[in-house]
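Colleague: My questions concern the predicted model and sequence given below.
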There are 2 protein chains.
Amino acid sequence: MRPLYIHTPVRSGVTAEGGPAHPPTPPPAARPPARGMLQRMDKGGLRHVVAVGSGKGGVGKSSVTALLAAELNRRGQRVGILDADITGPSIPKLLGLTGPLVDRGEGIEPAVSSTGIPVVSSQFMVEDEQTPVIWRGPLVTRLITQFFGSVHWGNLDYLLIDMPPGTSDVPLTVFQTIPIDGMVFVLTPQDLAALIVKKAMNMARDLHVPLLGVVENMAFIDCPHCHERIELFGPSRVARVAQEYGIPVLGSLPVMPPVSELSDVGRLAEHTATEVAGLAEAFEHAVDDATKNRVTVL
Amino acid sequence: MRPLYIHTPVRSGVTAEGGPAHPPTPPPAARPPARGMLQRMDKGGLRHVVAVGSGKGGVGKSSVTALLAAELNRRGQRVGILDADITGPSIPKLLGLTGPLVDRGEGIEPAVSSTGIPVVSSQFMVEDEQTPVIWRGPLVTRLITQFFGSVHWGNLDYLLIDMPPGTSDVPLTVFQTIPIDGMVFVLTPQDLAALIVKKAMNMARDLHVPLLGVVENMAFIDCPHCHERIELFGPSRVARVAQEYGIPVLGSLPVMPPVSELSDVGRLAEHTATEVAGLAEAFEHAVDDATKNRVTVL
């Protein structure tokens, strides 16, 4: 049993080759992915593997992932979270989890939240939570495949993958090497967020990843003083986006001040709300539909 | 004169090597960077080059960049924007700009906003605005260096670089190859945003990039109905973060509903506000201080 740490560069600049002077040690290959980097890995004991992303940052992917996981968990499902946002991990903070990750012989053991949700994240691999992971794409994607293939996930009903923003290395690697059942997209009411989420949706479609549905976040806030509704970022566009892609709206979440408060103290899993319960139910239906209707599993 | 397009993969999946079946054509090397990829390029006619980032997505980096550029422009400064968020470009939408980019012989010509701000962005290189740029790190970073070294920027007082989230390929390349004077960091009041922005600040410090100051965004909203103040994401932490790093707070911007409305119609540059004027003034002081006090330019 040994802690697994990312060794980050010290404060001494960069080499002529452009790498940090002390290049980070790549994560140990505790158990190599079953069929190599660019073939899909085995699902093992995982019934469903679902990515949650948006293309755009800051729309609340991680909050939605954590809220959804906690709600599914309350509904009796076994749920884990793979935090694929290697350079901007949020899940550990939201669920109050710290590292290090250890390998007890059966693979890397995930950290487990107080409510029983196993999680892996790069955040568990740095000794100080403010240490950046300064890695170029190849190291980042290698860690993602190890988080899937070398972690002792056991049997889960749902493994949720919290995706980073963008359409570069991480989503390419997740789509190409992890046997995902589909992807859920989170957006906010801004036109700009809709534009960028559509890029991510088009990428998923190009790579034959089923689009399971869209979730609207930060749709509005009810003023805590006068209780009037404020559309912070303009009118909702989620129905239009869903219709354009022929997929369901899985839920619409307002800005909920308790979410910020609970997130700041690592207790987001305790938050319950009607909207979140509805989201979890719609999510389960969408995953069932997508996997039932698929004749051949890619 | 020819339009410069990114040729994106068609809907036919991926090859065994993991790349798209029709790999995107790398951008043409209209003018190679002066001293190769991993040495800093020449500043040419650019007086100051400043990166604006946060580590975390969705905190409003691009809005702050665009508002700041527009305000500096109103103050009589010549300002350009290099949109380094290749896989999630926002600036064109905010400023109502479309492509294509063309090369008239002096280098790639930037698009120019109605208020006279030259901009380059990957968004100008796709034929449909919803087309994703599905590129791994090396192609992304090559485009960044070309956006700096092969674009006909002319003489500018400030070139602002709108950074993508994360601490991976793009910030590494910007820090290592572009002669930036420093970086401004945008954060929101969430603890989580502060944590992730600190990772980006630590990365910049590790790579000897001067930290010019922090800007708080979405600090609060004044209810349009009862005019009471709502702290959407909890109490402000910007002063504490700034103090910890010994750098100034350049400004604190509330959620301004006109910003969403103007952004959606590409007219964000028209938005004026006391807070934005204050930000521009503090920004100019911070850049002056940083460049005045520097004896040797790295």
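Modeller: Structure received.

Colleague: What count of nearby residues applies to the residue nearest to A:Gly116 when sequence neighbours are not counted?
Modeller: Closest residue to A:Gly116 apart from its sequence neighbours, by C-beta to C-beta, 6 or more residues apart in numbering or on different chains: A:Asn73 at 6.4 Å. For the C-beta atoms, the positions are set from N, CA and C on the backbone; glycine is no exception. Number of residues near A:Asn73 (other C-beta atoms under 10 Å in any protein chain shown) recorded here: 20.

Colleague: likewise A:His208?
Modeller: Neighbours around A:His208, by other C-beta under 10 Å: 12.

Colleague: Check A:Glu231 too.
Modeller: A:Glu231: 15 surrounding residues under other C-beta under 10 Å.

Colleague: could you say which helix or strand contains A:Val241?
Modeller: With secondary structure defined by DSSP states H and E, A:Val241 is part of helix A:238-245.

Colleague: Which other helices and strands does that helix contact?
Modeller: helix A:191-206, strand A:211-216, strand A:249-252 (3 or more C-beta pairs under 8 Å, 6 or more residues apart in numbering or on different chains; DSSP states H and E).

Colleague: So which of these is nearest A:Thr98?
Modeller: Ranking the helices and strands packed on helix A:238-245 by their distance to A:Thr98 (criterion: C-beta to C-beta) puts strand A:211-216 first, at 27.9 Å.

Colleague: Please save the CA atoms from the closest one in CSV.
Modeller: The C-alpha coordinates for strand A:211-216 follow below in CSV (Å, rounded to 0.1, in the frame of the first residue of the first chain):
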residue,chain,number,x,y,z
LEU,A,211,-26.5,12.0,-26.7
LEU,A,212,-28.7,11.2,-23.7
GLY,A,213,-30.2,14.5,-22.9
VAL,A,214,-29.6,18.1,-21.8
VAL,A,215,-29.7,19.7,-18.4
GLU,A,216,-30.2,23.4,-17.9
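
Colleague: A:Glu109 touches A:Asp103, doesn't it?
Modeller: Yes: if you go by C-beta atoms under 8 Å, A:Glu109 and A:Asp103 touch, sitting 6.9 Å apart.

Colleague: roughly how far out does whichever strand or helix holds A:Pro92 sit from the chain middle?
Modeller: Assigned by DSSP H and E, A:Pro92 belongs to helix A:91-95. Its chain's C-alpha centre and that of helix A:91-95 lie 11 Å apart, by C-alpha atoms, centre = their mean, to the nearest Å.

Colleague: That helix near chain B anywhere?
Modeller: Yes: applying C-beta under 8 Å from any C-beta of the partner chain, one finds helix A:91-95 in contact with chain B at A:93-94.

Colleague: need the next SSE after that helix, C-terminal direction.
Modeller: With elements assigned by DSSP H and E, the helix or strand that comes after helix A:91-95 is strand A:101-103.

Colleague: how about that next one: buried residues?
Modeller: Within strand A:101-103, the residues scored as buried using 16 or more other C-beta atoms under 10 Å in any protein chain shown are A:101, A:103.

Colleague: Can you list the strands that it pairs with?
Modeller: When sheet partners are counted by DSSP bridges, strand A:101-103 sits next to strand A:3-4 (antiparallel), strand A:108-109 (antiparallel).

Colleague: Dump these to a markdown table, plus distance to A:Val197.
Modeller: Formatted as a markdown table, these follow (distance: least, C-beta to C-beta, whole Å):
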| stretch | distance to A:Val197 |
| --- | --- |
| strand A:3-4 | 33 |
| strand A:108-109 | 31 |
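
Colleague: what's the closest of the ones you listed to A:Thr131?
Modeller: strand A:3-4 (14.4 Å).

Colleague: next one: phi and psi at the residue nearest to A:Ile178 when sequence neighbours are not counted?
Modeller: Leaving aside its chain neighbours, A:Ile178 sits nearest to A:Phe148 (5.1 Å; criterion: C-beta to C-beta, 6+ apart). Per-residue torsions, A:Phe148: phi -80, psi -50 (degrees, to the nearest 10).

Colleague: coming back round to it: most tightly surrounded among the helices and strands packed on helix A:238-245?
Modeller: strand A:211-216 (a mean of 26; mean count of other C-beta atoms under 10 Å in any protein chain shown).

Colleague: can you list the residues that contact it?
Modeller: Contact with strand A:211-216 is made by A:50, A:64, A:181-189, A:197, A:201, A:204-205, A:236, A:238, A:241-242, A:245, A:247-253, A:279, A:282-283, A:286-287, A:290, as judged by C-beta atoms under 8 Å, 6 or more residues apart in numbering or on different chains.

Colleague: Within its sheet, name the partner strands of the next helix or strand after that strand and how each one runs.
Modeller: Downstream of strand A:211-216, the next assigned helix or strand under DSSP H and E is strand A:221-222. Strand pairing for strand A:221-222, determined by DSSP bridges: strand A:229-230 (antiparallel).

Colleague: ok now the strand it pairs with, how far from the chain's centre?
Modeller: With C-alpha atoms, centre = their mean, you get 29 Å for strand A:229-230.

Colleague: Can you tell me which residues in the stretch 151-298 of chain A are near chain B?
Modeller: A:164-169, A:172, A:176, A:188, A:190-192, A:195-196, A:198-200, A:202-203, A:205-208, A:221, A:223-226, A:228, A:230, A:232-234, A:255, A:257, A:260-261, A:263-264.

Colleague: A:Val170: helix or strand, and which one exactly?
Modeller: In this structure, A:Val170 sits in helix A:169-177 according to DSSP H and E.

Colleague: by contact count, what packs against that helix?
Modeller: Judged by 3+ C-beta pairs under 8 Å, 6+ apart, helix A:169-177 is in contact with strand A:46-53, helix A:137-149, helix A:191-206.

Colleague: Contacts for the following helix or strand past that helix next, please.
Modeller: For helix A:169-177, the succeeding helix or strand toward the C-terminus, using DSSP H and E, is strand A:182-187. With C-beta under 8 Å, 6+ apart as the test, strand A:182-187 has contacts from A:50-56, A:59-61, A:64, A:163, A:193-194, A:197, A:200-201, A:204, A:209-217, A:237-238, A:241, A:250, A:283, A:286-287, A:290.

Colleague: could you redo the last one with a cut-off of 6 Å?
Modeller: Strand A:182-187 has contacts (C-beta atoms under 6 Å, 6 or more residues apart in numbering or on different chains) with A:50-52, A:54, A:59-61, A:64, A:193-194, A:197, A:201, A:204, A:209-210, A:212-215, A:217, A:290.

Colleague: report the angle between the axes of that strand and helix A:169-177?
Modeller: 160 degrees (axes from the mean of the first three to the mean of the last three C-alpha atoms, to 10 degrees).

Colleague: Next, count neighbours for the residue nearest to A:Glu284 when sequence neighbours are not counted.
Modeller: Using C-beta to C-beta, 6+ apart and skipping residues adjacent in sequence, the residue nearest A:Glu284 is A:Leu72, 7.3 Å away. If you count neighbours by other C-beta under 10 Å, A:Leu72 ends up with 21.

Colleague: Would you agree A:Leu72 is in contact with A:Ala280?
Modeller: Yes: A:Leu72 is in contact with A:Ala280 according to C-beta atoms under 6 Å; the separation is 5.3 Å.

Colleague: now A:Thr291, what's its secondary structure?
Modeller: The local conformation at A:Thr291, judged by DSSP: H, G, I helix; E, B strand; the rest coil, is helix.

Colleague: That one against A:Pro179, yeah?
Modeller: No: look at A:Thr291 against A:Pro179 with C-beta under 6 Å: they stay out of range, at 11.4 Å.

Colleague: List the buried residues for the helix holding A:Val241?
Modeller: Going by neighbour count (16+ other C-beta under 10 Å), the buried part of helix A:238-245 is A:238, A:241-242, A:245.

Colleague: Equivalent analysis for stretch A:91-98, please.
Modeller: Neighbour-count burial for stretch A:91-98, counted by 16+ other C-beta under 10 Å, picks out A:91-97.

Colleague: chain center to that stretch, what's the gap?
Modeller: So, by C-alpha atoms, centre = their mean, the centroid of stretch A:91-98 is 13 Å from its chain's centroid.

Colleague: follow-up on the earlier one: what lies in contact with the helix holding A:Val170?
Modeller: In contact with helix A:169-177 (C-beta under 6 Å, 6+ apart) are residues A:38, A:40-41, A:84, A:137, A:140-141, A:144-145, A:164, A:207, A:209, B:18, B:136-137.
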